[in-house]
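Colleague: turn this into a structure:
(2 chains)
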Amino acid sequence: MSSPSTESIPIHQQLLAAIGERILELPPGFTVDSDLYDAGLDSMATLQLMLLIEERFGVNLPEAQVTCANFRTITQLAHLVEKALARRG
Amino acid sequence: MSDSPRVLVAGGGTAGLAAAVAAARSGATVTLVERHGLLGGMGSVALVHTLCGLYELADDTPPRWANPGLPAEFATRLLARGDALPPVRLGRVHVLPHRPAGLAQAAADWLAETPRVTVRLLANLRAADSATGRVEISTPTGRETLAADAWIDATGDAALARLAGAPTEHAPPDRLQRPAYIVTLSGVDPAALAPDARLRLAAQIARAVSAGHLPPGAVGAALRAFEPGGDTFVTIDLAGPPDYDPTDPATLAALLAEGRQLAEALTAYLRRESPGFASAVISAHARQLGVRESHRVIGRARLEADDLLRGTTFPDAVARATWPMELRENHRGPRLRFPESNRPADIPAGCLQARDLPRLFAAGRCVSCSHEAQASIRVMGTCLATGEAAGRLAAASSR
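Modeller: This next block holds a predicted model:
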């Protein structure tokens, strides 16, 4: 899924766009630090988001990191993706 | 002949129940026709186990009723009987978890306590003549004709409208909301469905699908354990064929078979691979597919996505919609569109009145609206509200 054009876009911006397009229409003023659950993310959407991240960035999120708390903000998710990308090398 | 207008309600789901009660309380003599052997529709026959759309979108706790009439009355009855748990917050919305078998019995009692309501179970619609108001039904023992002054189509599929030749619409088959197949499991360790454990379980299922240990269709599975009574619900969204038609019996039969196979495969996998499920067994299969979208009556007005996003008000409002547009155009999970503010949107009377047949009213899933707007108004809390409104309108129209 990564191409030269998406690689130059910061991860959190890619996540923000992908969530808005595929999972949840985000309200105006929603930022990477806003609470996704308050915006309407439910448990089924959380799983969808995990699959979207794994597909888009070609990573596997370790089981221990798949927690409701870790999916609360895009900033937290971007950290998880960065760590997963670093592990992948 | 008495002065009481005769109202025929087609369909005994939440919309039809509220329509029958409202019409009878408005003075009508009501016959409700239901094709299954029990009342409740999606909320019992299909094992849908949460009433959505009952509450306003708000950050307040406790939540406020979106429609304080019959929707609140029926929900309060369920709570008093122990057939529903207090509302649960999921993301931005509140839902009322209920027990499907309890909802069916609560529905039967509700109608039995309402004077001038006759329920005909195991009765299929065969023909409808708008000129005379006659509707032919078939039962296991034969056919008969029912006469009525007004009709309410609460079939979810606009089945009565189509029989009567009234114009209807539906989204293209590839965009129709995908249906669900639901089973209950007993013997699941409740700890396996605590929030984080449940998310990991969903991830485990998704990965088992990727690895080929489960059929691809299992990726649409979601597990919930909040039925009063301790059963666990497994809801599997089905992709359906590209020409998916929720009124075609062959399609429905094939999807029921697919759902049954997926549920059995998933349960066997979980029993083997997930410690909390070692003694899980399927305790009930749905007897009907969880159809989300089908044909709709063309009304005098049409509710649009913008009305829901903006919380439009109408002078002839008869009900309020509060559920987000929950688009399930594929089987991998919903995409949600919430209103711009938390304001409910009005549903005008014109959406419940058939454009060309003055004595035909629509309630529930088949009221007049766009594909996107339907993704909000289809939920059972809103169906109770449009049912109540259609019941009143139908009783008044034939006076």
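Colleague: report the contact partners of residue 67.
Modeller: Going with chain A. B:196, B:199 (C-beta atoms under 8 Å, 6 or more residues apart in numbering or on different chains). Every residue, glycine included, has its C-beta placed from N, CA and C.
Colleague: let's do chain B instead
Modeller: B:54, B:319-320, B:381-382, B:384-385, B:388.
Colleague: mind running it again at 7 Å?
Modeller: If a contact means C-beta atoms under 7 Å, 6 or more residues apart in numbering or on different chains, then B:Asn67 has B:319-320, B:385 as its contacts.
Colleague: now, which of the residues you listed lie within helices?
Modeller: Those of the contacts of B:Asn67 mapping onto helices are B:Ala385, per DSSP state H.
Colleague: of the contacts of B:Asn67, closest to chain A?
Modeller: B:Arg320 (18.9 Å; C-beta to the nearest C-beta).
Colleague: any idea how many residues pack against the closest one?
Modeller: Burial measure for B:Arg320: 21 neighbouring residues, criterion other C-beta atoms under 10 Å in any protein chain shown.
Colleague: what do you get for the one 10 residues further on?
Modeller: Summarising burial for B:Asn330: neighbours were counted as other C-beta under 10 Å, giving 16.
Colleague: same check, this time on B:Asp174
Modeller: 12.
Colleague: could you find the closest non-adjacent residue to it?
Modeller: Among residues not flanking B:Asp174 along the chain, B:Pro242 sits closest, at 5.4 Å (C-beta to C-beta, 6 or more residues apart in numbering or on different chains).
Colleague: tell me if I'm right that that neighbour and B:Leu176 touch.
Modeller: No - B:Pro242 lies out of contact with B:Leu176 (C-beta atoms under 7 Å); the separation is 10.5 Å.
Colleague: out of these two, which sits in the more crowded spot?
Modeller: Taking neighbours as other C-beta under 10 Å, B:Pro242 and B:Leu176 compare with B:Leu176 leading, 22 against 8.
Colleague: quick check: that one touching B:Glu293?
Modeller: Yes - look at B:Leu176 against B:Glu293 with C-beta under 7 Å: they come within range, at 5.1 Å.
Colleague: so where do the strands sit in the stretch 201-350 of chain B?
Modeller: Counting by DSSP state E, counting those that start in this stretch, the stretch 201-350 of chain B has strands at residues B:221-224, B:232-237, B:281-285, B:296-297, B:317-321, B:325-327, B:335-337, B:345-348.
Colleague: what are the boundaries of the strands in chain A?
Modeller: Using DSSP state E, no strands are found in chain A.
Colleague: show me what from it comes close to chain B.
Modeller: Applying C-beta under 7 Å from any C-beta of the partner chain, we find that chain A lies next to chain B at A:22-25, A:27, A:37-38, A:40-48, A:50-51, A:63, A:66-68.
Colleague: ok, now with 10 Å
Modeller: A:19-28, A:36-52, A:54-55, A:60-61, A:63-64, A:66-71 (C-beta under 10 Å from any C-beta of the partner chain).
Colleague: from these, which land in helices?
Modeller: Using DSSP H, the residues of chain A next to chain B in helices are A:19-22, A:43-52, A:54-55.
Colleague: state the pair within those residues that is farthest apart.
Modeller: A:Glu21 and A:Ser43 (20.3 Å; C-beta to C-beta).
Colleague: neighbour count winner among these two?
Modeller: The neighbour count for A:Glu21 versus A:Ser43, taken as other C-beta under 10 Å, is higher for A:Ser43 (20 against 12).
Colleague: where does residue 13 land on pLDDT?
Modeller: All of this is about chain A. pLDDT for A:Gln13: 93.
Colleague: sorry, I should have been clearer: chain B.
Modeller: Reported pLDDT for B:Gly13: 98.
Colleague: is it true that it touches B:Gly40?
Modeller: Yes - using C-beta atoms under 10 Å, B:Gly13 is in contact with B:Gly40, at 6.6 Å.
Colleague: common neighbours of those two, please.
Modeller: B:34, B:46, B:48, B:107, B:380 (C-beta atoms under 10 Å, 6 or more residues apart in numbering or on different chains).
Colleague: how much space separates the third one from B:Pro97?
Modeller: Here B:Val48 is placed at a distance of 11 Å from B:Pro97 (C-beta to C-beta, to the nearest Å).
Colleague: again, but for B:Asp174
Modeller: Taking C-beta to C-beta, one finds B:Asp174 at 32 Å from B:Pro97.
Colleague: and if you look at B:Asp237?
Modeller: Where B:Pro97 is concerned, B:Asp237 sits at a distance of 19 Å (C-beta to C-beta).
Colleague: those two: who's more crowded?
Modeller: The residue with more neighbours, out of B:Asp237 and B:Pro97, is B:Asp237; 25 against 20, by other C-beta under 10 Å.
Colleague: please name the bridge partners of the more buried one.
Modeller: B:Ala180 (DSSP bridges).
Colleague: pLDDT value on it, please?
Modeller: At B:Asp237, pLDDT is 91.
Colleague: same question, B:Asp59
Modeller: pLDDT, B:Asp59: 71.
Colleague: contacts only, for it.
Modeller: Residues near B:Asp59 by C-beta under 10 Å, 6+ apart: A:38, B:89, B:92, B:342.
Colleague: nice, that's everything, thank you.
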